[in-house]
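[1] only geometry, no sequence info:
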């Protein structure tokens, strides 16, 4: 049994300090991190080279290696991203409302840091810095647990960041790395009650499921995106092709990419060949219902499981529906509540779709690919929540704060 | 294994309808409930009389029976409370912000119902109606699971409410009762993923712990209140006695009552005898540290466990501290993060206490008993959250809503 209470105690102690640090101090620490990343880039690149060499020997895919690898330019981009976080408004201490009670007691609703925020994530070293920067900006200690393939990079990055913040007077333990990259290490984080105020898992469906089933600390589920594009009976077909192509093929590996096309039966014969031609340029594999296979005879048959799957790949499920209602029912059944789109020229159908779909982001005539903290104007993003509690959709700095009521009296007691 | 997927399906189907029902319809349903409760009160009282008779035979305490028992007057109060909910502003559909993206895509952040909200709670029939009314007002289907001692009352109340809302055109299944009052029934609710969008347990520490450990649906923890009153070196002693008396003895069974007194050593000799005299009128039992027992020789010794316990009773733990810092450290260690109070005349100490205490509500010179949705001006309360996720402190109607981003475009795709 892995025991993380020691690192938990260190996080709590650092949190008591960081919670009271003002924005000037926190921004100075971020600037020190950006400078140190640039200054220490050779050491970081050396550590990363060991990670990538091991991953290559281990036969990891090219896409995996691409996410893992750092270059001088990527470190510059990561440092620049930290500097962007400095420019964001301070989310801490905002007074969200308040009033004076009839008895004179003055009440203020304020925003405060969570305390200690845990992250479990994939082999992407940039997430290590992004997460640390967003937590620091919002006054939170971060406890980071990246995957084992990036451990040398993470040790180097966290070491550089800890030294940098110590240089401006913050406790090193404001940035914590869980060195144990086993499943047991992750499980110990999920149950670190009393030490972790929030846990944000970022990764595949398996990780999210494991966290949901095992966590006893508060969790925000992220990332599951089984997104649909519904082409309505009144859709502009050229617009629909453009939107589907962007939603499916511009970056299939991300959670806001389209996984299933729903097409109204009146449009299917005209639309499907156009869509197929557009997506053929990306070698997208289609899996369709019986009616779509009559129009596109060459494609595979879609199973129940296809409709339930987030491919994150150049694969598209397809289904012909008889009505908006049937499209809504399909989405209600298979959607993960991330991003859903209707392409339509009908005002009534746009209204019914936006009201009827239960998802974080509902689009009319635009690609689902916009569901992203940067696109939504949140400045930076710690993840995309697919749960309804606390934060839904892209989470910016505000999602890393909680409420605290302050009440100032002169001896008031309750009658 | 208890299977609740059938009731879950009914809830989801009703939710699709209720989510689109406007406030006029929802308020009409609430008015129908209030009228029906008054009209059907004899049937409700008969069912409740069976519950109370069984509880009496079962040897339940007077306090338990008092919470369980309904009278004509109490039903009138319950109906009046439903009518008050009608008057509250509609939390659904509020636009919480938004802007136009550089590419012309218009983004709106809106408030929508969760969907289906589950409640597990004690033998208090008034909670059955309160919870149903607040869920209905906020566009949520409720799935209620009261305890077995109130099952006849709950069947009667839910029957009356379901018939009432059907009379104004809402699906009966907007109000669901889980008839299984065993532990297995509760466990089945905690894992009803895909059907329950939120679960709010209201009850003792055992229930909350069980939910935290077993739930796979999103949960808001409520109610744990190990609250402290710290009497600082500069406190006005008369004010401090008044505040402590109110916080400890005005209603010891509730979560915002004081459980531990922390007293600065400079004031202990003067304050403790005054406080003891005031609380003697309520026969409060004291359990103190060694130094407090020198001043109050007759009292019991406080153990580690005493400081960690939420008595919910006429018992007070007490500890003499040397400084504000020692008080803050004690609170950081034992507090459940509900409500904490400092009595002081020092501006600096008031500032340090409000900044340093990690709790939903932090008071200067006022009783912790004010932590309550009604007192805070939220209109009505579904519970008091002691977690940091989503809602912290008293939860009003807004806590029963989540976000939905709507995006309206003209063919925008992501570059």
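    Arrived safely. This structure is a prediction, so every number in the text was calculated from the model and none was measured. Numbers count the residues shown, from 1 in each chain, chains lettered A, B, ... in the order given.
[2] all helices for the stretch 101-250 of chain A, in order.
    Applying DSSP state H, counting those that start in this stretch to the stretch 101-250 of chain A gives helices spanning A:125-137, A:151-167, A:183-190, A:205-214, A:237-249.
[3] ranking these by burial, who's on top?
    helix A:125-137 (a mean of 25; mean count of other C-beta atoms under 10 Å in any protein chain shown). For the C-beta atoms, the positions are set from N, CA and C on the backbone; glycine is no exception.
[4] hmm, back to that, right, and the helices of the stretch 101-250 of chain A - which one's nearest chain B?
    Nearest of those to chain B, taken as C-beta to the nearest C-beta: helix A:237-249 at 3.5 Å.
[5] one step back: quick one: the helices of the stretch 101-250 of chain A as JSON lines, columns for distance to chain B too.
    Below are those laid out as JSON lines (distance: least, C-beta to the nearest C-beta, whole Å):
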{"stretch": "helix A:125-137", "distance to chain B": "14"}
{"stretch": "helix A:151-167", "distance to chain B": "20"}
{"stretch": "helix A:183-190", "distance to chain B": "12"}
{"stretch": "helix A:205-214", "distance to chain B": "5"}
{"stretch": "helix A:237-249", "distance to chain B": "4"}
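[6] Now tabulate the ones you listed in JSON lines and tack on mean pLDDT.
    Listed next are those as JSON lines, based on pLDDT from 0 to 100:
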{"stretch": "helix A:125-137", "mean pLDDT": "96"}
{"stretch": "helix A:151-167", "mean pLDDT": "98"}
{"stretch": "helix A:183-190", "mean pLDDT": "93"}
{"stretch": "helix A:205-214", "mean pLDDT": "87"}
{"stretch": "helix A:237-249", "mean pLDDT": "98"}
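[7] I'd like the ones you listed laid out as a markdown table, including distance to residue A:268.
    Below are the helices of the stretch 101-250 of chain A laid out as a markdown table (distance: least, C-beta to C-beta, whole Å):
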| stretch | distance to residue A:268 |
| --- | --- |
| helix A:125-137 | 41 |
| helix A:151-167 | 48 |
| helix A:183-190 | 45 |
| helix A:205-214 | 30 |
| helix A:237-249 | 11 |
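[8] Skipping its backbone neighbours, what lies nearest residue A:302 in space?
    Nearest residue to residue A:302 in three dimensions, chain neighbours excluded: residue A:287, at 4.1 Å (C-beta to C-beta, 6 or more residues apart in numbering or on different chains).
[9] State the next helix or strand along the chain beyond the helix or strand encompassing the one you found.
    Residue A:287 belongs to strand A:285-288 when assigned by DSSP states H and E. Following strand A:285-288 in sequence order, the next helix or strand is helix A:290-295 (DSSP H and E).
[10] And the contacts of that next one?
    By C-beta atoms under 8 Å, 6 or more residues apart in numbering or on different chains, the list of residues contacting helix A:290-295 from outside reads A:263, A:265, A:268, A:269, A:272, A:273, A:286, A:299, A:301, A:318, A:319, A:320.
[11] do stretch A:152-159 as well
    A:37, A:40, A:43-44, A:46-48, A:50-51, A:68, A:70, A:125, A:128-129, A:132, A:144, A:146, A:175-177, A:179.
[12] Can you give the distance from it to the centre of its chain?
    How far stretch A:152-159 lies from its chain's middle: 22 Å, per C-alpha atoms, centre = their mean, to the nearest Å.
[13] buried ones in the strand holding residue A:287?
    Across strand A:285-288, burial judged by 16 or more other C-beta atoms under 10 Å in any protein chain shown covers A:286, A:287, A:288.
[14] who does it touch, helix- and strand-wise?
    Judged by 3 or more C-beta pairs under 8 Å, 6 or more residues apart in numbering or on different chains; DSSP states H and E, strand A:285-288 is in contact with strand A:300-301, strand A:315-321.
[15] Rounded mean pLDDT for it, please.
    Average pLDDT, strand A:285-288: 98.
[16] Adjacent strands (with direction) for that strand?
    strand A:300-301 (parallel), strand A:315-321 (parallel) (DSSP bridges).
[17] Which among those strands is found nearest to residue A:5?
    strand A:315-321 (44.2 Å; C-beta to C-beta).
[18] So is the helix or strand that comes right after that closest one next to chain B?
    Going down the chain from strand A:315-321, the next helix or strand is helix A:324-334, by DSSP H and E. Yes. Counting by C-beta under 8 Å from any C-beta of the partner chain, chain B is contacted by helix A:324-334 at residue A:332.
[19] Quick check on residue A:377: phi, psi?
    Main-chain dihedrals, residue A:377, degrees, to the nearest 10: phi 80, psi 20.
[20] does the closest residue to it other than its chain neighbours count as helix, strand or coil?
    Closest residue to residue A:377 apart from its sequence neighbours, by C-beta to C-beta, 6+ apart: residue B:99 at 6.0 Å. Put simply, residue B:99 is strand when judged by DSSP: H, G, I helix; E, B strand; the rest coil.
[21] What count of nearby residues applies to residue B:99?
    Using other C-beta atoms under 10 Å in any protein chain shown, residue B:99 is surrounded by 12 other residues.
[22] okay but it is in contact with residue A:376, surely?
    No. Under the criterion of C-beta atoms under 8 Å, residue B:99 makes no contact with residue A:376, lying 9.0 Å away.
[23] any shared contact partners between these two?
    Common neighbours of residue B:99 and residue A:376 (C-beta under 8 Å, 6+ apart) are residue B:107.
[24] and stretch A:172-179, is it in reach of chain B?
    No. Taking C-beta under 8 Å from any C-beta as the criterion, stretch A:172-179 and chain B are apart, separated by no less than 15.9 Å.
[25] now that stretch: how far from the chain's centre is it?
    The chain centroid and the centroid of stretch A:172-179 are separated by 21 Å under C-alpha atoms, centre = their mean.
[26] Which residues outside that stretch are in contact with it?
    With C-beta under 8 Å, 6+ apart, stretch A:172-179 has contacts from A:4, A:7, A:10-11, A:13-15, A:17-18, A:29, A:132, A:135-136, A:141-146, A:151, A:154-155, A:158, A:161-163, A:165-166, A:185, A:189.
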